[in-house]
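*Asks:* my questions concern the predicted model and sequence given below.
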Protein chains: 2
Amino acid sequence: IQLGKIDQFRAEFLELHPYDQATFFKEQAKEIRLKIYTYLSPEEMAEIIENIGVDELDPILTEMEPRFASQILGEMSTDDAVDVLNTMDQNEVASFLTIMDKDAASEIKDLLHYEEKTAGSIMTTEFVVVNTGMTVRDAMVHLRKEAPDAETIYYVYVVNQEKHLVGVISLRDLIISEEDWFISDIMSDRIVSVPVGENQEDVAKMVRDYDFLALPVVDFQNHLLGIITVDDIMDVMEEEASEDYSKFAAVADMEKDLNAFSAAKKRLPWLIILLFLGMLTASLIGRFEDTINQVALLAVFIPLIAGMAGNTGTQSLAIAVRGIATGEIEKEGKVKLLIREAGTGLITGTCCGFLITIIIYLWKGHFFLGLLVGISIMFTLIVATVAGAIIPLLMHKMKVDPAVASGPFITTINDLISVLIYFGMATIFMELLLH
Amino acid sequence: IQLGKIDQFRAEFLELHPYDQATFFKEQAKEIRLKIYTYLSPEEMAEIIENIGVDELDPILTEMEPRFASQILGEMSTDDAVDVLNTMDQNEVASFLTIMDKDAASEIKDLLHYEEKTAGSIMTTEFVVVNTGMTVRDAMVHLRKEAPDAETIYYVYVVNQEKHLVGVISLRDLIISEEDWFISDIMSDRIVSVPVGENQEDVAKMVRDYDFLALPVVDFQNHLLGIITVDDIMDVMEEEASEDYSKFAAVADMEKDLNAFSAAKKRLPWLIILLFLGMLTASLIGRFEDTINQVALLAVFIPLIAGMAGNTGTQSLAIAVRGIATGEIEKEGKVKLLIREAGTGLITGTCCGFLITIIIYLWKGHFFLGLLVGISIMFTLIVATVAGAIIPLLMHKMKVDPAVASGPFITTINDLISVLIYFGMATIFMELLLH
């Protein structure tokens, strides 16, 4: 299609949803992309660019003419443009802003200095605002004029003379109201807003709980600075879910790894910390070398016991981390959680311990060894289950993100605990084992 | 406040956002709640109930008069009412539906038979629909009439004579159009819709990618059956994120555990499976009992090597599971992923192996033991890293949800692999160790 027939291409392509346009565009070879740039206006390209992930944009923006690229950035929603510019280095940003349309550049500059992952960094300044003194008719006229540029027109925010946010009204309420009613009479004045420095995860939680389509962002004097729309919130939720997930697995972050070196660089720090923790366990076992010399069979069950401790710890860790994130534990009480985890450990430990005693007795014909491993597993599971819950709780208390307590970390700590219990008991009951 | 002053309570309480009403309501003692029921209409209570999680609703609905409860269910959004009814047993559902308003009951019955976690189970039937032949004026009149009941009025769906979905128009476009234009001229006829049986996770992905506020649900003949709104999508995203997380930690699900028994019941199946896998590792080490008898020091490093294998496996597992979920791996290619993981394993393995060789040499003064452990760690990390990626890929190929390949499962598998490598090498190089 694209071998010259501009009109036909435009007609068909622009009919598509921008997301589909973006998907199509990304799949094209460079030469085709260069042609597309000449076929489309900066405004049309802006819609496409907004639907491409920021990490994939760098090659695309650099292959364009800088002037064209800066026009595109100027046409994008300010929040999306800021996201793109945040991935570039200072010089690039400065040069783009210089050749950009003055108004767009100044709006972007205002947003660029908000800290990452705060309400300020995900908000947009393209919202619709009306004054308390307007009638519904005035507001609708204003709304129609603003509609093409606004990020959403379904919530209209109301400010007073001093530009303080005093109310909100939905388009739903506007269109069912009489034309000569005053905004101040029909607006809702119990507004839920967030301060500009609020953490994006908390913002997402509010939008989800209150089922908002957008949420206003204010400064400490209650001036309306911007709004955060639900589509950006969904991106935040996805990002945070990925992040929790990767922390849990002890991976620094989930960004696409281009090659083995960058992947290794991200994972090595964790592995090396865990290696040293593992050395502690090793040196602990070293102290029981005599015990092992007497009954080599003991060594056979080390990975089993350590593994079970790790498994149960990972389970209770997951419950605790999620519970902290959702606020469930705050409500329920930490002590109650720990008692429940101890109970859970007791039940699972007794079942697994009983099972393993029988298996080892049948397999090796050695009742006391079976009993030793069984009782060790029982105590280990109790302690490891509680440890899996208590460590994230302590981190939360010390204001450390509990999601940093990853599965591998808990597993390694629990290796240590389990070895201590197992060999401690073996040494004490050595007499019985030697029979 | 609630000691009698009905009017004052109503005035203040109903000013609040329904989510805040629900939060307040949940915190009250039973007697106060019983009073609130007499103060509020079923309609007002419905808004509160919609903002309480379905798992907390059972005691609340049973403490009400059944007639009042069924009125509330009738006033709720159909999708929310269906969610509530789905938590009850068949008899309860039947008795509620019998005393409910006929229209509401039949709408709910239609939705009740859709399978859980499909588009049908999360859609609502309260949408606004217009005909192709209407003008913008007609449509706005219709919209104002439907506004109080509709779940969203910001998207209006267009059907033809045969009730087939043929277009969609946003309220934004409606209000900027001339009043006597025809709907068929301004509607968008490239509609993105989902079949009623579509998986809810895929629906959520579409809403997120396309930035929709609502998505129409159709049957196989393209009849419009319902819509799914963005607030329900956010709940789905949260639910799916929790689910992935809990599967990763080998916990059956994340529902609140009321006591240790129910928690243990959910975790035990996993622990017992892992126990048997662990027994395999133990029996493998059993075969090397002679080796351990000769050099007891070998046993000291079992948890270290097994632990490192588990850690790296968990990392690459997380990357692979997320990559499959986001479709990233589909694009990149599985072979490329595996090669990269092997490379990552080689780099991390070499670094950790080198480090441990030096540490053991300095600590125990035993160079060959250090070298053995170091080389074992190197090979173990390569194999374990690849295993962490290849197992979820295989599961995905066999149409099993790859998120079932949990951290503990991979860790236990990798225990086995690492023990095999470590003792295999130790047995081969026994000569050198005995020096």
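*Replies:* Happy to help now that I have it. Numbering: from 1, shown residues only, chains lettered A, B, ... in the order given.
*Asks:* all helices for the stretch 201-350 of chain A, in order.
*Replies:* Taking DSSP state H, counting those that start in this stretch as the test, the helices found in the stretch 201-350 of chain A are A:230-248, A:260-286, A:289-294, A:297-300, A:302-326, A:328-332, A:334-364.
*Asks:* ugh, wrong one, the stretch 1-150 of chain A
*Replies:* Residue ranges of the helices in the stretch 1-150 of chain A, as given by DSSP H, counting those that start in this stretch, are A:6-15, A:18-27, A:30-39, A:42-50, A:57-63, A:66-75, A:78-85, A:90-99, A:102-112, A:119-122, A:136-146.
*Asks:* which ones are touching the residue in the stretch 151-300 of chain A that chain B sits nearest to?
*Replies:* With distances taken as Cβ to the nearest Cβ, the stretch 151-300 of chain A approaches chain B most closely at A:A260, which sits 2.9 Å away. To be clear about C-beta, it is placed using only N, CA and C from the backbone, and glycine gets the same treatment. For A:A260, the contacting residues are B:R340, B:E341, B:A342, B:G343, B:T344, B:L346, B:I347, taking Cβ atoms under 8 Å, 6 or more residues apart in numbering or on different chains as the criterion.
*Asks:* where does the prediction get shaky in the stretch 151-300 of chain A?
*Replies:* Within the stretch 151-300 of chain A, the set of residues satisfying pLDDT under 70 comprises A:252-258.
*Asks:* coming back round to it: just the helices of the stretch 201-350 of chain A: most buried one?
*Replies:* Ranked by mean neighbour count under mean count of other Cβ atoms under 10 Å in any protein chain shown, these are led by helix A:302-326, which reaches a mean of 28.
*Asks:* you'd agree A:D415 is up against B:I302?
*Replies:* No - under the criterion of Cβ atoms under 8 Å, A:D415 lies out of contact with B:I302, with a separation of 9.9 Å.
*Asks:* measure stretch A:47-66 end to end?
*Replies:* For stretch A:47-66, the separation between the terminal residues is 18 Å (Cα to Cα, to the nearest Å).
*Asks:* buried residues, that stretch. List them.
*Replies:* By neighbour count on 16 or more other Cβ atoms under 10 Å in any protein chain shown, the buried set for stretch A:47-66 is A:E47, A:I48, A:I49, A:E50, A:N51, A:I52, A:L57, A:I60, A:L61, A:M64.
*Asks:* check the offset of stretch A:27-38 from the chain's centre.
*Replies:* With Cα atoms, centre = their mean, to the nearest Å as the basis, stretch A:27-38 stands 33 Å off its chain's centre.
*Asks:* A:V130 bridge partners, please.
*Replies:* A:V158 (DSSP bridges).
*Asks:* measure how buried it is and give me the count.
*Replies:* Taking other Cβ atoms under 10 Å in any protein chain shown as the criterion, the count of residues near A:V130 is 23.
*Asks:* hang on, the earlier thing: what's the farthest-apart pair in the buried residues of stretch A:47-66?
*Replies:* Spatially, the most separated pair among the buried residues of stretch A:47-66 is A:N51 and A:M64, at 16.5 Å (Cβ to Cβ).
*Asks:* export the helices of the stretch 1-150 of chain A as TSV, with columns for mean pLDDT.
*Replies:* As requested, the helices of the stretch 1-150 of chain A are arranged in TSV below (pLDDT from 0 to 100):
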stretch	mean pLDDT
helix A:6-15	80
helix A:18-27	85
helix A:30-39	83
helix A:42-50	87
helix A:57-63	82
helix A:66-75	86
helix A:78-85	84
helix A:90-99	83
helix A:102-112	81
helix A:119-122	88
helix A:136-146	91
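*Asks:* pick the most buried one from those helices.
*Replies:* Sort the helices of the stretch 1-150 of chain A by mean neighbour count, taking mean count of other Cβ under 10 Å, and helix A:119-122 sits at the top with a mean of 24.
*Asks:* just the closest of the contacts of A:A260 to chain A, please.
*Replies:* Within the contacts of A:A260, proximity to chain A (Cβ to the nearest Cβ) peaks at B:G343, which comes in at 2.9 Å.
*Asks:* was I right about that closest one contacting B:S316?
*Replies:* No - under the criterion of Cβ under 8 Å, B:G343 makes no contact with B:S316, lying 11.4 Å away.
*Asks:* tell me the domain boundaries of chain A?
*Replies:* Described in terms of automatic domain parsing, the domain architecture of chain A consists of the residue ranges A:6-113, A:129-244, A:260-433.
*Asks:* contact partners for A:L213?
*Replies:* If a contact means Cβ under 8 Å, 6+ apart, then A:L213 has A:T152, A:Y154, A:Y155, A:T229, A:V230, B:Y154, B:L213, B:V230 as its contacts.
*Asks:* what parts of the stretch 101-250 of chain A come near chain B?
*Replies:* With the criterion set to Cβ under 8 Å from any Cβ of the partner chain, the stretch 101-250 of chain A comes near chain B through A:140, A:143-144, A:147-148, A:153-154, A:171-172, A:175-176, A:190, A:192, A:207-211, A:213, A:230-231, A:233-235, A:237-238, A:241-242, A:244-246, A:248-250.
*Asks:* 7 Å instead?
*Replies:* Residues of the stretch 101-250 of chain A found near chain B (Cβ under 7 Å from any Cβ of the partner chain) are A:143-144, A:147, A:153-154, A:171-172, A:175-176, A:190, A:192, A:208-211, A:213, A:230-231, A:234, A:237-238, A:241-242, A:244-246, A:248-250.
*Asks:* related to what we said a few turns ago, which one of the buried residues of stretch A:47-66 is nearest B:F354?
*Replies:* Sorting the buried residues of stretch A:47-66 by how near they are to B:F354, with Cβ to Cβ, puts A:L57 at the top with 38.7 Å.
*Asks:* what residues are up against the nearest residue to the closest one once chain neighbours are set aside?
*Replies:* Nearest-residue entry for A:L57: A:V84, 5.8 Å, with adjacent residues in sequence omitted and distances by Cβ to Cβ, 6 or more residues apart in numbering or on different chains. A:V84 sits next to A:V54, A:L57, A:L73 when contact means Cβ atoms under 7 Å, 6 or more residues apart in numbering or on different chains.
*Asks:* equivalent analysis for A:G307, please.
*Replies:* If a contact means Cβ under 7 Å, 6+ apart, then A:G307 has B:L274, B:G278, B:T411, B:T412, B:D415 as its contacts.
*Asks:* ok, and which of the residues you listed reach chain A?
*Replies:* Counting by Cβ under 7 Å from any Cβ, B:L274, B:G278, B:T411, B:T412, B:D415 from the contacts of A:G307 sit close to chain A.
*Asks:* skip the chain neighbours and tell me the closest residue to the residue nearest the centre of chain A.
*Replies:* When Cα atoms, centre = their mean is applied to chain A, the residue found nearest the centroid is A:E240 (0.8 Å). Spatial nearest neighbour of A:E240, excluding adjacent residues (Cβ to Cβ, 6+ apart): A:E201 at 5.2 Å.
*Asks:* ok, the closest residue to A:L420 other than its chain neighbours to A:A387 distance?
*Replies:* Distances taken as Cβ to Cβ, 6+ apart put A:L284 closest to A:L420, at 6.3 Å, once the chain neighbours are dropped. Note on A:L284: its distance to A:A387, by Cβ to Cβ, to the nearest Å, is 16 Å.
*Asks:* before we move on, what about A:I347?
*Replies:* When Cβ to Cβ is applied, the distance between A:I347 and A:A387 equals 17 Å.
*Asks:* and for A:D55?
*Replies:* Here A:D55 is placed at a distance of 37 Å from A:A387 (Cβ to Cβ).
*Asks:* need the residues that contact the host helix or strand of A:S184.
*Replies:* Using DSSP states H and E, A:S184 sits within helix A:183-186. By Cβ under 7 Å, 6+ apart, the residues outside helix A:183-186 that reach it are A:V130, A:T132, A:M134, A:T135, A:V136, A:A139, A:V158, A:I169, A:D173, A:S177.
*Asks:* how far out from the middle of the chain is stretch A:29-47?
*Replies:* Using Cα atoms, centre = their mean, the distance from the centre of stretch A:29-47 to the centre of the chain it belongs to is 32 Å.
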